[in-house]
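# Okay, predicted coordinates and the sequence, questions at the end:
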Amino acid sequence: MKKLAKKYAAAKEAIGDATYAPIDAFKLVKEVSTANFDETITVDFRLGIDTRQADQQLRGTVSLPNGSGKTVRVAVFAEGEAARAAQEAGADIVGTEELMDQIQRGEFNFDAAVATPDQMGKVGRLGKVLGPRGLMPNPKLGTVTTDVAKAINELKGGRVEYRADRYGIAHVIIGKASFTPEQLAENYGAVYDEILRMKPAAAKGKYVKSITVSGTMTPGITVDSSVTRNYAENAE
């Protein structure tokens, strides 16, 4: 624990109180990510929204151009031709009643779930189990669909979900410490563009209050939120 605390303190000192251009922030987060595993890189967007209001909620998905670096296991609720299509697309688990029974027993051998519309009557009964884990298929997120192959390919290819919590903060995974700074910056840009595009019309005042990037074991690094283009370029 002392060794970890010492590393964290050294990283915090290296970061300081400065605000960094995106590309510089990702260079720095790689430098201070010294864990003995490939740390996950996350960006936190603190937004000027009140998610207690129905018209100020923010939730959706975005495809990362360089993937998330995470192996995503996908379960699909489907029958017949849709089930065959899911298997051919590389779904890790495909089923209906048997899959539901497995979930009821507390077995969650997957990271994302997809369902065809005709299965939602059954899947809806699992809402109290899947919902809190963020695993409930949702048409707005593209996970309730007749095109299960497309949904599976997007999930496995690097599509991530963003959702502002009750404090108005959206925590989004954008890659791994093994990514290049340019790859991280490009992924960050895709997410930031989407969050700006999806700004709730009812949001008042300053929308993006602050942006912080961090690794699994690193302190946060403040990113310059005024940079809204050419994310992977060096600051002048």
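Now that the structure is in, tell me what you want to look at. Residues are numbered from 1 along each chain as shown.

# and stretch 135-145, how far from the chain's centre?
Stretch 135-145 has its average C-alpha position 15 Å from the chain's average C-alpha position, going by CA atoms, centre = their mean, to the nearest Å.

# Give me the distance from the lowest-mean-pLDDT helix or strand in the chain to the chain's centre.
Of all the helices and strands that make up the chain, the one with the lowest confidence by mean pLDDT, DSSP states H and E is helix 2-15; it has a mean of 77. Averaging C-alpha positions (CA atoms, centre = their mean) puts helix 2-15 26 Å from its chain's average.

# do the same with stretch 22-32
Distance, stretch centre to chain centre, for stretch 22-32: 19 Å (CA atoms, centre = their mean).

# so where's the protein uncertain?
1-4, 235-236 (pLDDT under 70).

# got the contact list for the least confident helix or strand of the chain?
Contacts of helix 2-15 from elsewhere in the structure, counted by CB atoms under 8 Å, 6 or more residues apart in numbering, are Leu28, Glu31, Val32, Thr34, Met217, Thr218, Pro219, Gly220, Ile221. For the C-beta atoms, the positions are set from N, CA and C on the backbone; glycine is no exception.

# Please repeat the previous calculation with a cut-off of 7 Å.
Contacts with helix 2-15, where a contact means CB atoms under 7 Å, 6 or more residues apart in numbering, come from Leu28, Val32, Thr34, Thr218, Pro219, Ile221.

# need the contact list for the second one.
Put plainly, it is Val32. Applying CB under 7 Å, 6+ apart, one finds that Val32 lies in contact with Ala11, Ala14, Ile15, Thr218.

# Just give the closest residue to it, not the sequence neighbours.
With CB to CB, 6 or more residues apart in numbering as the criterion, Val32 has its nearest non-adjacent residue at 3.8 Å, and that residue is Ala11.

# what ranges do the helices span in the protein?
If you assign secondary structure with DSSP state H, the helices in the chain sit at 2-15, 22-32, 80-88, 97-104, 120-123, 127-130, 148-157, 181-197.

# any idea which of the ones you listed is most buried?
Among the helices of the chain, helix 22-32 has the highest mean neighbour count (mean count of other CB atoms under 10 Å), at a mean of 22.

# okay, the angle between that helix and helix 181-197?
In this structure, helix 22-32 runs at an angle of 130 degrees to helix 181-197, with axes from the mean of the first three to the mean of the last three CA atoms, to 10 degrees as the basis.
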